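# all I have is the shape, not the residue letters:
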Ligand code: HAM
């Protein structure tokens, strides 16, 4: 005892800032979102592709572009201590997916529609909706050049927001044209900002030399008037680029998708051309962009593949779940199980365990009470656990019941009725009771024993 008192208190270890645990209370909501996403990808003919979390750093340097916030400041990069290789925790999915598509020659047979989901890592300052480990769902359509696919991937997004019951999401779109058009615009922009250099803040002074387009992204209120008056890329687009942009807009209009043209939307990654877009909400504070993407025709060739057009978008899963909460469209929490089995240890435990296995084999989700002290517990305390589990029914096997080869089946949600059934008849009685209880009917119908 004295020894125990003298023991130094062991310090607890916390998680890394900006990297969150997914706790059981939230797991059902994530599962619901993942379920909807799977259905959505199937509805549009997308195939799943998973890349590793770690890639060679060059994948992102070359893919996203050296002069971007992500590559300059936000990547978790490190050296492989065995061979000195430069590696990076992926900050996004597109460059890595393109690397995989090229390496595995996936475009050999023609265009591909692909999707992915998983954790991404960016060393940003954590705040509401902005994390250092976050999760993206993304779709990428590779090998399609026409405006039809730009429109289709946007329709897919809209269908998703409708399906999830999100409120207050707006679509903003722009065209970044082609490289030569951007070069002309860039020259005009540099001339404009040089003429007004005294009005640029420090950050924008640096960007003037490295990436003047990013000055348009500045949130500094003192620079907004200057930015407003800057030459607009849309005025530098050639005939082909304009035609593509107008065709996307016409297809969206024909499908009743409202969209605002935002000439200042440039996106933070360097691989885009032509159509770029974001879905934005005012409901989530500063981090209101729930998804973004666009066309990135130059990327596949830039990554060493045979030139092929492509477009896609990705959404932040945490932000979408947060917006579902604000929109009050999160699903009701689910019960942990259908049936909770109670017993008094010894032979009643043996019988209870056999019954629980029989129920599970029939597709009924079952929790068997296990006493925390490894001994036993009163029926009263077990019943509290049964109630908290959300189970619809309890199966109770006490010594008296077991002596008569019987068990009790108790309704926990409806009438509270308790009836005695033979041990061999527990399964049949449980199925009968669950089918009768309205909330379980549809779920059980998917099990073969009902049909
Ligand atoms: P992105 O705009 O960098 O694009 O990220 C897409 C979405 O990921 C954002 O709209 C946001 O919802 C979420 N997100 C980004 N950073 C964070 C963060 N630190 N914490 C929480 N959520 C975040 C891309 O990543 C492109 N790969 C999208 C794309 C796909 N373009 C073409 N295909």
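Structure received. The structure displayed is predicted, hence computed values, not measured ones. Residues are numbered from 1 along each chain as shown.
# what residues does this structure put near the ligand?
Within the chain, the residues that sit near the ligand (C-beta under 6 Å from any ligand atom) are 92-94, 122, 124, 129-131, 134, 136, 138, 140, 268-269, 289-294, 296, 312-316, 318-319. For every residue, glycine as well, the C-beta is placed using N, CA and C.
# tell me where the stretch 101-250 of the chain has helices.
Using DSSP state H, counting those that start in this stretch, the helices of the stretch 101-250 of the chain run over 147-164, 179-195, 202-210, 224-228, 239-254.
# circling back to that earlier point, ok, of the residues of the chain next to the ligand, which come out buried?
Among the residues of the chain next to the ligand, those buried by neighbour count (16 or more other C-beta atoms under 10 Å) are 92-94, 122, 124, 129-131, 134, 136, 138, 140, 269, 289-294, 296, 312-316, 318-319.
# OK, contacts around the residue of the stretch 351-451 of the chain found nearest the ligand?
Residue nearest to the ligand within the stretch 351-451 of the chain (C-beta to the nearest ligand atom): residue 390, separated by 31.0 Å. Contact partners of residue 390, counting by C-beta atoms under 8 Å, 6 or more residues apart in numbering, are 333, 334, 335, 336, 337.
# remind me which helix or strand residue 82 belongs to.
Assigned by DSSP states H and E, residue 82 belongs to neither a helix nor a strand.
# for it, what are phi and psi?
Note on residue 82: its backbone torsions stand at phi -90, psi -50 [degrees, to the nearest 10].
# and the pLDDT at it?
The per-residue pLDDT reported for residue 82 equals 96.
# next one: it relative to the ligand, how far apart?
Separation of residue 82 from the ligand (C-beta to the nearest ligand atom, to the nearest Å) stands at 30 Å.
# tally of neighbours for that residue?
By other C-beta atoms under 10 Å, 6 other residues sit near residue 82.
# list the beta-bridge partners for residue 170.
Residue 170 has these beta-bridge partners by DSSP bridges: residue 280.
# show the pLDDT at the residue of the stretch 101-250 of the chain found nearest the ligand.
Going by C-beta to the nearest ligand atom, the ligand is nearest to residue 134 of the stretch 101-250 of the chain, at 3.4 Å. We have a pLDDT of 98 for residue 134.
# ends of stretch 187-205, how far apart?
16 Å (C-alpha to C-alpha, to the nearest Å).
# buried set for it?
For stretch 187-205, by 16+ other C-beta under 10 Å, it's 188, 189, 190, 193, 200, 204.
# thought the second one was touching residue 213?
Yes: A contact is recorded between residue 189 and residue 213 when judged using C-beta atoms under 8 Å, the distance being 7.0 Å.
# for the closest residue to the ligand within the chain, give its distance to residue 12.
Of all residues in the chain, the one sitting closest to the ligand is residue 316 (2.6 Å; C-beta to the nearest ligand atom). Distance, residue 316 to residue 12, by C-beta to C-beta, to the nearest Å: 29 Å.
# so which of the contacts of residue 390 is the most crowded?
Neighbour max across these (other C-beta under 10 Å) = residue 337, 21 neighbours.
# my guess is residue 301 is in a helix, correct?
Yes: checked against DSSP: H, G, I helix; E, B strand; the rest coil, residue 301 lies within a helix.
# list the contacts of the residue nearest to it when sequence neighbours are not counted.
Distance criterion C-beta to C-beta, 6 or more residues apart in numbering; nearest residue to residue 301, sequence neighbours excluded, is residue 307 at 4.0 Å. Residue 307 is in contact with 297, 300, 301, counting by C-beta under 8 Å, 6+ apart.
# can you redo those as a markdown table with neighbour count and pLDDT?
Formatted as a markdown table, the entries for the contacts of residue 307 read as follows, by neighbours: other C-beta atoms under 10 Å; pLDDT from 0 to 100:
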| residue | neighbour count | pLDDT |
| --- | --- | --- |
| 297 | 19 | 98 |
| 300 | 22 | 98 |
| 301 | 12 | 98 |
